[in-house]
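Structure, please.
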Amino acid sequence: MSGRELRIGTPWNAPGLQRFNGDHPLPGSLIADYPGYSFDFALSQADAANIRRAQDEANALRAALAALEPPPAAADIEEFVVSRGLQTQAMMLAPCDMHFLHTAPLTHGKKPWILHIEEMITLFAPFVWHGISANVKIREVPAYRMVKHLLESPACRAVFSHLTHSKDFLPVLFDSEILARKVHHVPLGVEFSSAATKKIAERQATRGGLPGTTFLFTNSWSQHESSFVLRGGSDVIRAFIGLVQKYPDVRLIVLSTLPVSHYGEGFRDFVRQIPNLILIENRASDDELVELMMTADVFLVPSVGLHALSILRSMYCGLPTVVSDAPGNEEYIEHDKTGVVVPGRRGKTAWYDEIGFLHQTFEPVFSKQLDDFSAGLFKEMESLHLDRERRRRIGAAARELARRRHRIEDWRAGFQRILDEVRPTLSTASP
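Numbering: from 1, shown residues only. Now for the predicted structure:
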């Protein structure tokens, strides 16, 4: 790599970015040593000078949005600019060559930036978000044209996703040839510590040696109570109650805080009284999570949406992974080959429209009256319990796929290709 080292600002801990995933382990896995680049998580002080600079950038964004044809309503422009967060933008002004953002373009758009996304729905935060988009006509939302402006602007150097769907449909969603030239797909990679990697490899041969079947359900990295429900925890509990009554040698490990604010304080006592259920409510380290995965025979994530990192970690560990038919899961799981798919989410809690936008509602899973999804989950859990060879076959195929297509080296190499592609467009001196 020729030339000076370029400094990439990574302001994920700024207040407005913390609100939308913050320092998340998925994009965080891209932070590594790349020749010619350094990453800086430092934030500027939101002092008077930086506030003035952020105000100047906000005013420039207001003017650019007002120049669109036809111009958005003044109130909509103001709401959009304010949603970027003046204090957040002031803190993001630490001298660097480019910002690395993820999830949403929460920027005034002055400094060069690149953006990682999973589903395109998050581009419209905070106006549209997961679970509240069922009836949204996205092209009629005022923020749609303003997000398009940010993405098409010269300051946006690249957008990339680990989902082929998002790469293919981003230009369709915005009807934009400019974005077709900016968008990239990089398959997600997974990594563990060297000790965990060695442990995973050595213990594949002994998997399934104990009598019965151990199922594992985990919450997301945030451990939010609501995530328990959104990842299918309520359905897992319901299905397991029926399973353990029929087969006393099944076990369930639940690594999660419990949604007592939703179900009431008695829910924790109820869960603790379920036979053969081991509840772990504290956070687990990556190595502790690996140990749980190597203890388990089946990983359960029958969620209302995609959780790509959890799925790939499970697959790499050689576990048959049970997912729902929520959009995006098909990029990783093929039913009865690399995992198990339980129908019942697509078209009910989540679905794509013809321009690739994700429509979601969480109302069905938060209903106190659960639907029949757990019945389908019970059937697949029962089948995996009874058919040890099926578990072995699916787990082995999943591990082979994860090791072949989702190497951390390829994930980072793809990211470096993007950095190298945009490098010539950056100024030769830091702003």
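
Convert stretch 191-207 to CSV, retaining C-alpha atoms only.
Written as CSV, here are the backbone C-alpha positions of stretch 191-207 (Å, rounded to 0.1, in the frame of the first residue of the first chain):
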residue,chain,number,x,y,z
GLU,A,191,-14.2,-16.0,13.9
PHE,A,192,-13.4,-17.3,17.4
SER,A,193,-10.4,-17.1,19.6
SER,A,194,-7.6,-19.5,18.7
ALA,A,195,-8.4,-21.6,21.8
ALA,A,196,-12.1,-21.8,20.9
THR,A,197,-11.3,-22.6,17.3
LYS,A,198,-9.1,-25.5,18.4
LYS,A,199,-11.8,-26.7,20.9
ILE,A,200,-14.5,-26.6,18.3
ALA,A,201,-12.5,-28.7,15.8
GLU,A,202,-11.4,-31.3,18.4
ARG,A,203,-14.8,-31.8,19.9
GLN,A,204,-16.7,-32.4,16.6
ALA,A,205,-16.1,-36.2,16.8
THR,A,206,-17.6,-36.5,20.3
ARG,A,207,-20.7,-34.4,19.6
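
who touches it?
Residues from elsewhere that reach stretch 191-207 (Cβ atoms under 8 Å, 6 or more residues apart in numbering): 29, 286-287, 290-291, 294, 297, 313, 316-318, 392, 395-396, 399, 408. Where C-beta positions appear, they are placed from N, C-alpha and C, glycine not excepted.

how about these, which pair is most distant?
Within the contacts of stretch 191-207, S29 and R392 form the most distant pair, 28.6 Å apart (Cβ to Cβ).

Locate the residue nearest to Y34 when sequence neighbours are not counted within the secondary structure: which element?
For Y34, ignoring the flanking residues on the chain, the nearest one in space by Cβ to Cβ, 6 or more residues apart in numbering is Q416 at 5.2 Å. Using DSSP states H and E, Q416 sits in helix 408-422.

Contacts for that helix next, please.
1, 6, 8, 29-30, 32, 34, 37, 98, 112, 114, 157-158, 160, 162, 184, 186-191.

List the buried residues for that helix?
411-412, 414-416, 418-419, 422 (16 or more other Cβ atoms under 10 Å).

which of those residues lies closest to Q273?
Using Cβ to Cβ, W411 comes nearest to Q273 of those, at 42.7 Å.

Next one: that closest one from I274, what distance?
38 Å (Cβ to Cβ, to the nearest Å).

before we move on, what about I121?
I121 is 35 Å from I274, by Cβ to Cβ.

ok, these two, which is more surrounded?
Neighbours were counted for I121 and for I274 using other Cβ atoms under 10 Å; I121 has more, 24 against 16.

What sits closest to that one if chain neighbours are left out?
Nearest one to I121, counting by Cβ to Cβ, 6+ apart, is L358 at 4.6 Å.

From what I see, that neighbour and A350 are in contact.
Yes. Counting by Cβ atoms under 8 Å, L358 touches A350, with 6.5 Å between them.

residues shared between the contacts of these two?
P327.

quick one on the thing from earlier: residues near the residue nearest to I121, how many?
26.

Dig out what it forms beta bridges with.
The bridge-partner assignment for L358, based on DSSP bridges, gives Y352.

Report the residue ranges of every domain in this structure.
6-189+409-425, 194-406 (automatic domain parsing).

could these be laid out in a markdown table, adding mean pLDDT?
Listed next are the domains of the chain as a markdown table, based on pLDDT from 0 to 100:
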| stretch | mean pLDDT |
| --- | --- |
| domain 6-189+409-425 | 96 |
| domain 194-406 | 92 |
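
Would you confirm that L216 contacts A296?
Yes. Taking Cβ under 8 Å as the definition, L216 is a contact partner of A296 at 3.7 Å.

who touches both of the two?
Joint contacts of L216 and A296 (Cβ under 8 Å, 6+ apart) are 253, 319.

Drop anything exposed from the contacts of helix 408-422.
By 16+ other Cβ under 10 Å, the contacts of helix 408-422 give 6, 8, 29-30, 34, 37, 98, 112, 114, 157-158, 160, 162, 184, 186-191 as buried.

ranges for the strands of the stretch 201-350 of the chain?
Using DSSP state E, counting those that start in this stretch, the strands found in the stretch 201-350 of the chain span residues 213-218, 250-255, 277-280, 298-301, 321-324, 340-342, 350-352.

Give me the residues contacting the last one.
Surrounding strand 350-352, the residues in contact under the criterion Cβ under 8 Å, 6+ apart are 165, 169, 304-305, 326-327, 358-361.

The third one now?
Counting contacts by Cβ under 8 Å, 6+ apart, the residues outside strand 277-280 that touch it are 240, 244, 251-256, 258, 271-272, 292.

repeat that for 6 Å
Under the criterion Cβ atoms under 6 Å, 6 or more residues apart in numbering, residues 252-255, 271 lie in contact with strand 277-280.

And the second one, by the same measure?
Applying Cβ under 6 Å, 6+ apart, the external contacts of strand 250-255 come out as 212-218, 240, 243-244, 276-280, 284, 385.

how far does stretch 321-329 sit from the chain's center?
Centroid displacement of stretch 321-329 relative to its chain, using Cα atoms, centre = their mean, to the nearest Å, is 13 Å.

brain fart, stretch 148-168
Distance, centroid of stretch 148-168 to centroid of chain: 16 Å (Cα atoms, centre = their mean).

Could you measure from A74 over to A63?
12 Å.

cool, and R251?
62 Å.

List of residues touching stretch 265-272?
Contacts for stretch 265-272 (Cβ under 6 Å, 6+ apart): 258, 260, 279.

Now flag whichever of those is closest to E354.
L258 (39.2 Å).

Contacts only, for the closest one.
267-268.

quick one, helices of the stretch 201-350 of the chain?
225-230, 233-246, 260-263, 266-272, 286-295, 308-316 (DSSP state H, counting those that start in this stretch).

Put together CSV for the ones you listed, with mean neighbour count and distance to F366 on each row.
Shown next, in CSV, are the helices of the stretch 201-350 of the chain (neighbours: other Cβ atoms under 10 Å; distance: least, Cβ to Cβ, whole Å):
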stretch, mean neighbour count, distance to F366
helix 225-230, 20, 6
helix 233-246, 20, 9
helix 260-263, 14, 7
helix 266-272, 14, 14
helix 286-295, 17, 26
helix 308-316, 24, 21
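
would a markdown table of the ones you listed with distance to V341 be doable?
As requested, the helices of the stretch 201-350 of the chain are arranged in a markdown table below (distance: least, Cβ to Cβ, whole Å):
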| stretch | distance to V341 |
| --- | --- |
| helix 225-230 | 18 |
| helix 233-246 | 14 |
| helix 260-263 | 27 |
| helix 266-272 | 26 |
| helix 286-295 | 20 |
| helix 308-316 | 11 |
